[in-house]
Every structure is written in C-alpha cells, then in structure tokens.
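>>> Provide a 3D model corresponding to the input given below.
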Amino acid sequence: MILRLEDIAVFVANWDNKVDNIKQIQAILNIGFDTMVFLDDNPFERNLIRGLLPAVPCPNCPMIRRYLSPIFARLTCSNGLVLRGRFATHATIPGRGRPR
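Numbers count the residues shown, from 1 in each chain. The predicted model follows:
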C-alpha cells in the first residue's frame, strides 16, 4: 500500500518546530494528544516531544519500511490503529472531508 496525499488528514511541511506543528494538527483534527503518535528516526526529536508533549507516544523506530509494521503492532494507543497488510492505517480519519 502506497500512501497518497488524500490518505493524510493533515499535511504539514515547514520549518516551524515540531511541538507547534503537533499542536496545530491536534487543534485542526480536534483530537487528544494521547490519540496521536510521533514517529521520527532522530532520538533528539523524539526526546524533545516526550519532554514537551508527554501524552504523545514516541516509539523508538528506524524509518525503514520493513521495521515499521512491528512497531505499529506493539503500540498501545487508543487511536484506532488497525493493521492491514504490512501497514497500519486509521480505521476512521478525522478531517477527511476538510479541504487541504
């Protein structure tokens, strides 16, 4: 399964800090931080999010596709992650009908 832009509820790509970006996404989707997951291969970035947004799970993970499915399988989040094939997707995606 290849993700396309229309599969993503909110796409943010900028030079702002990641904490502010996560807060923006949380506000747009009107969801709790505990229903989000932050994935980054950089330990500094993960530790920053863990320190400033402790409700957002930040699993240690390399950003190599074959390792991502087992990481999603081990997550214990309340955000409705469902494994389909080798990839995890949301059962329902808030904001899907919202213009991008």
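
>>> helix or strand: which one has Asp20?
Applying DSSP states H and E as the criterion places Asp20 in helix 18-29.

>>> can you name the element that comes right after that helix?
helix 43-52.

>>> mind listing what's buried in that following helix?
Within helix 43-52, the residues that qualify as buried are Glu45, Arg46, Leu48, Ile49, counting by 16 or more other CB atoms under 10 Å. Using the backbone N, CA and C atoms, a C-beta is placed for each residue, glycine as well.

>>> looking at those residues, which is nearest Thr35?
Nearest to Thr35 among the buried residues of helix 43-52: Ile49, at 14.7 Å, using CB to CB.

>>> what about that closest one, distance to Phe38?
Summarising the geometry, the distance separating Ile49 from Phe38, computed by CB to CB, to the nearest Å, is 5 Å.

>>> thinking again about what came up before, could you dump the buried residues of helix 43-52 to CSV with distance to Asp16 and pLDDT?
Output for these, formatted as CSV (distance: CB to CB, whole Å; pLDDT from 0 to 100):
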residue, distance to Asp16, pLDDT
Glu45, 13, 91
Arg46, 18, 92
Leu48, 13, 95
Ile49, 14, 95
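
>>> common neighbours of Ile49 and Phe38, please.
With contacts defined as CB atoms under 8 Å, 6 or more residues apart in numbering, the residues adjacent to both Ile49 and Phe38 are Lys18, Ile22, Val56, Cys58.
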